[in-house]
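>>> Prediction below, plus the sequence it came from.
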Amino acid sequence: MALLSVPNDAAIIFLRILDTLPLIFFVFTFRLRETDCFFPSTTRYWCFFLLFFLFAIISAIFQGGSLGTTMAHIGIMFRFVPLSYFISKTSFSDEVYNIFTFHFKIISGILLLIGVIEIIGGEQAAAFFSPVKPEKEVDPPVVLSVSPIESISGIFPNTIDYAFFLVIAYIYFINQKRFENRLLPRPVLDIFFLFLIFVSGSKAALIIALAALFIGLEYRVVKYSVLIIILIIASWLLWMFWDLFYWVVFEDSLHSRLGLIVYTLPCFLKECSLSTFFGVTPDREIVFNEISAYPIVPSMLQTVEDMHAFEDEFYVALIIYYGIVGFGLLVGMYYKLYKTLCNMVVPDDIMNSRFIIRSLFICLITAPLFNQIIITRPFSLFFWIIIGVIYNRYKQYETLSHI
C-alpha cells in the first residue's frame, strides 16, 4: 500500500496550487532588467513570452477553443520558469550554489536508495513507495525485466518521471569538479545512475544519459573508449532483445506514437490552411475533430477520451496546438536561452556549467520525441532551478570582475 491515501480531487487541487505559486508570486513581484541577455530575469524574455501568449489566445478565439484550456496548457509549460528568475536575483555568492547542491544531493540520494529497495524488494516495495493513482489511470506498458519487478518508478506515479529525474541529477553531478560536491565517486556514480536508469525501463532516458556521459568527458582517448563500449553494449542488447526490433513491432508502433509522426503530422502540414500556421488550440475535442478527418488515424486515438496520450509525441502536439508560427516562437525562445547560457564564459573551478547546459538542452530536444518531458513536474522543476543557479554564478563572476 502507498504511504498516504489522499482523495483524488483534493490532491489535484493541491498540486495545481503548488504549481502556480511561483508564477503567481512572480506576477506580483517581478522587476525585469533591460539587457542584451535572453533570460527570465530580462524584459526580452518575457516580451517574447507575451508575444507567444497573445498569439495562442487569438488562435484559440479564432478556432472557438477554450481560453481556459489554452491558458492552463501554457501555464503548465512555463510554471517553473519564475524559479530561475528568483534564483538569478538572489545574492551573487557561492551560498546559492552550495545550498542547492546540498539539498539536491539529499533528494537524489534518497531517491536512489528507494530505487535500490524497489529492485531488491520487488512489487511490495514498489507498491509501498508509489503514490495513490486514480482508478481510471492505466499503468505504463511492460518493459525489460532485470529485477523482481518489471520496472522501478521511485516515489513517482510512472517510470518516466523517475528516469528523467535520475537523468537530470546525473547530468548535474558528473559535471561537478570538486569531489565533495559529487553524490558518489565518479566511477560509482556512473555505474549506479546508468544502471538505475536502465532498470527504470526508459530507453530514451538511458540514451540521453549516455550522451551526457560522452559530452562530459574531457579527454579524446577516454571519449572514444567510452563510445566503443557503448557500441558494444548496444550491439549486445540488440542481440539479446532482438524481438523488440521485429518489423511487426515497428508496424504496431505505427498505430501509436510513430503513427503521429508518419501519418498525422504530414496530413496536418499538407493542408496549408490557417490551422496549419496558427494551430487548433490545446482543446482536446477540437484537436480530435481535426485529426479524425485524416485518411489514416492511429488506433490509439479512436475517441476523445484517448487524447490524454496524444501529448506523448510532444513535438506533434505542439505543432498542432499552436501551428507552425507558434511552434517557431517556442523554438526561438529556447534557442535564444541556450545561446545566452552558452555564451556565458565563467572560469569556474566548481562545475562544468557549459557541459551541463549542453546536456540539459540535448535532453530537452530529444526527449519530446518519446514523451512530454518539457511539462513533467520533476524534470521541469529541476531544469529551471539548475538554469537559475548557473546564471547566478555567471552574474557573481561578472560582478567580481568589475570590482
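That came through, no problem. Numbering: from 1, shown residues only.

>>> Please pull out the lowest mean pLDDT helix or strand from the chain.
Lowest by mean pLDDT, DSSP states H and E among the helices and strands of the chain is helix 247-253, with a mean of 56.

>>> residues of the next helix or strand after it that come out buried?
Toward the C-terminus, helix 247-253 is succeeded by helix 257-259 as the next helix or strand (DSSP states H and E). Across helix 257-259, burial judged by 16 or more other Cβ atoms under 10 Å covers 257, 259. (Each C-beta comes from the backbone N, C-alpha and C, glycine too.)

>>> Then stretch 260-272?
260, 263, 264, 265, 268.

>>> Which of those residues fall in strands?
The subset of the buried residues of stretch 260-272 located in strands under the criterion DSSP state E is empty.

>>> For residue 296, state which of the residues you listed is nearest.
residue 263 (4.4 Å; Cβ to Cβ).

>>> and the gap between the nearest residue to the closest one once chain neighbours are set aside and residue 262?
Excluding the flanking residues, the one nearest residue 263 by Cβ to Cβ, 6 or more residues apart in numbering is residue 296, at 4.4 Å. Separation of residue 296 from residue 262 (Cβ to Cβ, to the nearest Å): 9 Å.

>>> Okay, and residue 40 sits in which element?
Counting by DSSP H and E, residue 40 is part of no helix or strand.

>>> Quick check: nearest residue in space to it, chain neighbours excluded?
Closest to residue 40 by Cβ to Cβ, 6+ apart is residue 85, at 4.2 Å.

>>> what's the burial count for the one you found?
Residues lying near residue 85 (other Cβ atoms under 10 Å) number 24.

>>> and residue 10, what pLDDT?
According to the per-residue confidence, residue 10 scores 65 in pLDDT.

>>> Then residue 205?
86.

>>> didn't residue 76 look like it was pressed against residue 375?
Yes. Counting by Cβ atoms under 8 Å, residue 375 is a contact partner of residue 76 at 4.9 Å.

>>> Count the residues that sit near residue 97.
Neighbours of residue 97 (other Cβ under 10 Å): 19.

>>> i'd like the first residue to be 863 from this point on
Let's use 863 as the start, then, which means that last one is residue 959.

>>> How much space separates the residue nearest to residue 1125 from residue 885?
With Cβ to Cβ as the criterion, residue 1158 and residue 885 are 39 Å apart.

>>> So what's the residue count around the nearest residue to residue 1048 once chain neighbours are set aside?
Among residues not flanking residue 1048 along the chain, residue 1036 sits closest, at 7.1 Å (Cβ to Cβ, 6+ apart). Residues lying near residue 1036 (other Cβ under 10 Å) number 24.

>>> And residue 1094, by the same measure?
10.

>>> Check it and give its pLDDT.
Reading off the model, residue 1094 has pLDDT 79.

>>> swap in the one 3 residues further on?
What the model reports for residue 1097 is a pLDDT of 73.

>>> likewise residue 879?
67.

>>> Check residue 1199 too.
93.

>>> you'd agree residue 979 is up against residue 987?
Yes. Counting by Cβ under 8 Å, residue 979 does reach residue 987; the two are 5.2 Å apart.

>>> quick one on the thing from earlier: now for residue 938 and residue 1237: what residues contact both?
By Cβ atoms under 8 Å, 6 or more residues apart in numbering, residue 938 and residue 1237 have no common neighbours.

>>> quick one: the residue nearest to residue 902 and residue 1208, what's the gap?
19 Å.

>>> ok, now which ones touch residue 1255?
958, 959, 1208, 1210, 1212, 1215.

>>> likewise residue 1200?
1219, 1223.

>>> Name the SS class of it, please.
For residue 1200, the secondary-structure state derived from DSSP: H, G, I helix; E, B strand; the rest coil is helix.

>>> Tell me how far it lies from residue 1226.
From residue 1200 to residue 1226 the distance is 9 Å (Cβ to Cβ).

>>> go on, residue 1065?
From residue 1065 to residue 1226 the distance is 18 Å (Cβ to Cβ).

>>> Skip the chain neighbours and tell me the closest residue to residue 1187.
Here the residue nearest residue 1187, using Cβ to Cβ, 6+ apart, is residue 1139, at 5.4 Å.

>>> pretty sure that neighbour contacts residue 1186?
Yes. Residue 1139 lies in contact with residue 1186 (Cβ under 8 Å); the separation is 5.3 Å.

>>> Please list all residues in contact with residue 1035.
Contacts of residue 1035 (Cβ under 8 Å, 6+ apart): 967, 970, 1043, 1044, 1045, 1046, 1051.

>>> tell me the phi and psi of residue 928?
phi -80, psi 120 (degrees, to the nearest 10).

>>> what's the residue lying closest to it once chain neighbours are set aside in contact with, if anything?
Closest residue to residue 928 in three dimensions, ignoring its sequence neighbours and counting by Cβ to Cβ, 6+ apart: residue 1145, at 5.0 Å. By Cβ under 8 Å, 6+ apart, the contact set of residue 1145 is 922, 925, 927, 928, 931, 932.
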